[in-house]
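>>> need a 3D model of the following:
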Amino acid sequence: MTENVPDAAVQTITYNRKTQRRKRADLLAALPAEEVHHELGDKHCPDCHYELIEIGKQSVRQELLFIPAQLKRLDHIQHAYKCKYCSQRNLSDKIIKAAVPKAPLNHGLGSASLIAHSLYQKYEMKVPDYRQESDWKKMGLEVSRQMLNYWDLKSSQYYFKPVYDLLKQKLLMRPILHADETYYTVLESKTIKTYYWVFLSGKHDQYGITLYHHDPSRSGKVALNFLGNYPGYLHCDMWQAYEQLPKATLVGCWAHVRRKFHEAVPQQASEKSLAQKGLNYCNRMFYLEQTWENLSKQERYQLRQAKLKHQATFEHVLLDGNLELSNNKAERAVKSLVMGRKNWLFSQSFEGATASGFILSLIETAKRNGLDPEKYLNYLLQKLPNEEILDSEPLEAYLPWQEKIQVNCK
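So this is what the prediction gives:
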């Protein structure tokens with residue numbers, strides 16, 4: 001690279017800020033309203049006792065009313081019908097009953113909406129089971145944390161795993177992937193640590209897919225078993241496990257390279273310091289990538305070839321305009337799990353950890369496709385137990401980017 005590296009990129013940014021009063025008015029206007037009228041009880045003059053005549057009214061203030069969540073019992077009543085004509089001609093009556101939608105889990109309190117809300121609270125809002133147990137009790141529902149765990153496990157095994165497996169098939173067909181891994185604790189494990197691996201589609205991909213895979217190991221066999229002969233580009237942090245992939249083109253994370261240069265810069269380093277030069281070089285790369293954010297992949301590709309000429313050093317990131325300098329997308333996906341790990345701490349069993357991976361995958365994939373994750377889980381738990389009754393559609397119809405899902409789960 002022949003260009004001088006600027007000490008800092010100076011940008012002038014102009015903000016059009018709404019006033020605080022305008023923001024408050026917009027917020028209140030968007031909410032459903034109910035009027036509360038304050039009238040005199042005794043409409044007589046306190047002095048002469050003649051009747052008062054109303055001459056006007058005015059809005060004095062607006063306030064927001066919090067309405068706590070509530071539970072409601074639905075009684076499903078099945079209607080039966082008899083065909084008189086057929087009954088007269090047969091030894092037994094012909095009875096036809098209306099179809100009744102199945103519950104996701106039999107013989108329990110776990111309805112689709114209850115399970116979906118519990119999963120959303122735990123995996124998206126990071127509320128552990130013992131706190132949920134307390135919250136449900138305040139609403140009048142005695143449900144134990146063991147029951148909440150049961151809901152997680154069974155709904156994952158029965159309904160979420162097939163969707164996860166289909167998403168994995170779709171993911172392995174994407175041209176660009178990101179990958180990362182982090183440790184996790186399972187009480188039944190023989191080792192101190194187990195691991196979650198995260199694999200996700202690229203930033204510019206039309207299908208936003210993020211999958212979590214739990215495994216006892218962090219070895220290359222895990223990456224090989226999950227990705228197999230995946231032939232595309234794989235953004236990673238150059239952990240040696242990914243080197244075992246026979247056909248993937250590994251794309252190193254320059255955020256990690258920059259971090260190493262930053263750590264190596266002495267406190268009183270001059271601009272001639274090798275570490276400082278390396279840091280400036282990385283800063284320049286990220287600055288250029290930021291300015292090229294909204295360009296097409298072909299334009300981005302051409303500019304990389306012109307501005308970042310050290311092919312041997314940047315070989316793989318130069319191969320495609322859709323590739324990124326960093327693996328931050330995967331690290332952000334890992335962060336979602338890490339935040340949850342701080343609250344719920346561990347899983348009791350490998351089955352539980354695997355189920356958690358399925359649930360997190362559906363939640364993060366739903367979010368990447370602009371869906372409300374709780375609505376999406378609720379939709380799956382309502383529809384999948386009743387495929388033969390309702391739609392008889394292939395499983396692909398329930399993937400987050402499908403038009404029907406987009407309409408019902410926003």
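>>> which one is S111 nearest to, not counting chain neighbours?
A103 (6.2 Å; Cβ to Cβ, 6 or more residues apart in numbering). Where C-beta positions appear, they are placed from N, C-alpha and C, glycine not excepted.
>>> past the helix or strand bottoming out on mean pLDDT in the chain, which element shows up next along the chain?
Least confident helix or strand of the chain, by mean pLDDT, DSSP states H and E, is helix 311-314 with a mean of 42. Counting by DSSP states H and E, the next helix or strand C-terminal to helix 311-314 is helix 328-344.
>>> what residues sit buried inside that following helix?
Buried positions in helix 328-344, judged by neighbour count with 16 or more other Cβ atoms under 10 Å: 328-331, 333-334, 336-337, 340-341, 344.
>>> and the pLDDT for H214?
Looking at H214, its pLDDT is 95.
>>> tabulate the CA atom coordinates of the helix or strand where it lies in PDB.
H214 belongs to strand 210-215 when assigned by DSSP H and E. C-alpha atoms of strand 210-215 as PDB (Å, rounded to 0.1, in the frame of the first residue of the first chain):
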ATOM      1  CA  THR A 210     -27.500 -18.400  12.600                       C
ATOM      2  CA  LEU A 211     -27.000 -21.900  14.100                       C
ATOM      3  CA  TYR A 212     -25.600 -23.000  17.500                       C
ATOM      4  CA  HIS A 213     -24.100 -26.500  17.800                       C
ATOM      5  CA  HIS A 214     -23.200 -28.000  21.200                       C
ATOM      6  CA  ASP A 215     -20.400 -30.500  21.500                       C
END
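>>> tell me the angle the following helix or strand past it makes with strand 210-215.
Going down the chain from strand 210-215, the next helix or strand is helix 220-227, by DSSP H and E. Using axes from the mean of the first three to the mean of the last three Cα atoms, to 10 degrees, the inter-axis angle of helix 220-227 relative to strand 210-215 is 140 degrees.
>>> what are the C-alpha coordinates of helix 220-227, in CSV please?
Provided in CSV are the C-alpha atoms of helix 220-227 (Å, rounded to 0.1, in the frame of the first residue of the first chain):
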residue,chain,number,x,y,z
GLY,A,220,-11.3,-30.2,14.3
LYS,A,221,-13.6,-33.2,14.2
VAL,A,222,-16.5,-31.0,15.2
ALA,A,223,-16.0,-28.5,12.4
LEU,A,224,-15.5,-31.4,10.0
ASN,A,225,-18.6,-33.2,11.1
PHE,A,226,-20.8,-30.1,10.9
LEU,A,227,-19.4,-28.5,7.7
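>>> on that earlier part again, what lies in contact with the strand holding H214?
Residues outside strand 210-215 that contact it (Cβ atoms under 8 Å, 6 or more residues apart in numbering) are 164, 167-168, 171, 184, 194-201, 222, 226, 333, 337, 350, 353-354, 356-358, 360-361, 364-365, 368.
>>> check what pLDDT K272 gets.
63.
>>> sorry, slip of the keys, the one I care about is Y85.
Here, the pLDDT recorded for Y85 equals 90.
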